[in-house]
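In: Please find the sequence and the predicted model below.
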Amino acid sequence: MELELRHLKTIRTIAEAGSLTKAATALGLAQPALSAQLRRIERALGGPLFERGRHGVRATALGELVLERTRIVLPAVSELQREAARFARTRRAGERLRLGGTHGPLLGALVDRLADAAPCTAVTTRASWSERELAGLLGEGRLDFALAGVCGSAPLPDTPHLVWEEIAVDPVFVMLADGHPLTRGREIDLAALADEEWACVPGDGCFADCFTAACARAAFTPRRMYETDTSSCVHLVQVGRAVGLCRATFPPTPGLTTRPLAGTPLVWRHLLGWHPAGQQPDTAATVLAQARAAHAGAAARSDSYARWLSRRGEPDAATHRRTGRAS
């Protein structure tokens, strides 16, 4: 009998269960059938793998050797299966790009640019509030690229096997209703907003903690934070119910004015992620370049961002991205 993967899984299950009875239940087999299978495996391997006693089974020296190998072989085979499935899904996709992204203007702008740059490529999109979810979809081969972000100087997402490249670093601005008294200034001290209620889109990073810490440094605690979708945030600001936090690239919107926060207490890093096993280097380079161009275009459409860059001697968003400066 030749040893197969299912035999290694059987050995591992017996060792983890501690008895043939429990292992048979876990494997969906009758105990006599499992005992017969174990004897055939032991003959193929040249000796007994388990000592049987009143309290169950215990691995022999040979059994320990085999179990040690299963801890290497079985995960490696599982990873091979995942890589093969990811490769097959990518190849079946043909001329198609599956993009994911969190809230913000970049996903739509990237789709627009790719439609011009690669008109024969079908582009599909998937939005999520969660950077972790997007990373999981990349790892499973269900997305080709994902636009995400991290707060300030936080490290890149710790996701095995994925590549993350920085697109740009933006200051976080505040958006107010057009008639708000603070719109008359070029910048707004965070402390001047101590009596306001706030609106922001949700996420699973550290942004909320960083915002709370920035408010604490400004000697106040936020009265209330409405975490909701972008449209609802805009509405709450337009009607004067709250002020909002937004990236500096937030597009011009009727009834809203965006202003930088003095001292740039909060920044946001835009990232593009992908799995290198599922993408050709030239495809990744093209999508990254288009994502950076999409960001530059979004920044150029924001008068308040252009003025912010100009006051710092940075002529455009591309310069800001290259230097990595946020304050």
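Out: Noted; the coordinates are in hand.
In: Quick check on residue 28: phi, psi?
Out: Here is the backbone geometry of residue 28 (degrees, to the nearest 10): phi 70, psi 30.
In: for residue 110, same thing?
Out: Geometry field for residue 110 lists phi and psi as phi -70, psi -40, criterion degrees, to the nearest 10.
In: what does residue 198 give?
Out: The main-chain torsion angles of residue 198 are listed as degrees, to the nearest 10 and equal phi -120, psi 160.
In: First-to-last residue distance for stretch 14-34?
Out: Across its full length, stretch 14-34 reaches 10 Å between end residues, using CA to CA, to the nearest Å.
In: looking only at pLDDT, what's the mean for that stretch?
Out: Per-residue confidence for stretch 14-34 averages out to 92 on the pLDDT scale.
In: cool, and stretch 148-159?
Out: Per-residue scores along stretch 148-159 average to 77.
In: before we move on, what about stretch 172-187?
Out: Average pLDDT, stretch 172-187: 94.
In: likewise stretch 111-130?
Out: Regarding stretch 111-130, the rounded mean pLDDT is 87.
In: Identify the residues contacting it?
Out: Contacts of stretch 111-130 with the rest of the structure, by CB atoms under 8 Å, 6 or more residues apart in numbering, involve 95-103, 107, 134, 137, 143, 201-204, 286-287, 290, 293-294, 297. (C-beta placed from N, C-alpha, C; glycine too.)
In: Double-check that residue 269 belongs to a strand.
Out: Yes. Assignment of residue 269 by DSSP: H, G, I helix; E, B strand; the rest coil places it within a strand.
In: Can I get the buried part of the contacts of stretch 111-130 as one ChimeraX selection?
Out: The command below creates a ChimeraX selection of those among those that count as buried (16 or more other CB atoms under 10 Å):
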select :97,98,99,100,101,102,103,107,134,137,143,201,203,286,287,290,293,294,297
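In: Now do the helices in the chain.
Out: Using DSSP state H, the helices found in the chain span residues 5-17, 20-27, 31-45, 61-93, 106-117, 131-139, 207-217, 230-238, 281-300, 303-311, 317-323.
In: right, so of those, which gets closest to residue 259?
Out: Minimum separation from residue 259 across these (CB to CB) falls at helix 303-311, 6.2 Å.
In: on contacts alone, who are the packing partners of that closest one?
Out: For helix 303-311, the contact count by 3 or more CB pairs under 8 Å, 6 or more residues apart in numbering; DSSP states H and E identifies strand 163-177, strand 256-260, helix 281-300, helix 317-323 as packing neighbours.
In: what angle sits between it and helix 281-300?
Out: Using axes from the mean of the first three to the mean of the last three CA atoms, to 10 degrees, the inter-axis angle of helix 303-311 relative to helix 281-300 is 100 degrees.
In: Extract the CA atoms of helix 303-311 and return them as CSV.
Out: Taking only C-alpha atoms (Å, rounded to 0.1, in the frame of the first residue of the first chain), the coordinates of helix 303-311 have been written out as CSV:
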residue,chain,number,x,y,z
ASP,A,303,-9.2,73.6,-4.1
SER,A,304,-8.7,73.4,-0.3
TYR,A,305,-6.1,70.6,-0.7
ALA,A,306,-4.3,72.6,-3.5
ARG,A,307,-4.1,75.6,-1.3
TRP,A,308,-2.8,73.5,1.6
LEU,A,309,0.0,72.0,-0.6
SER,A,310,0.8,75.5,-2.0
ARG,A,311,1.3,76.9,1.5
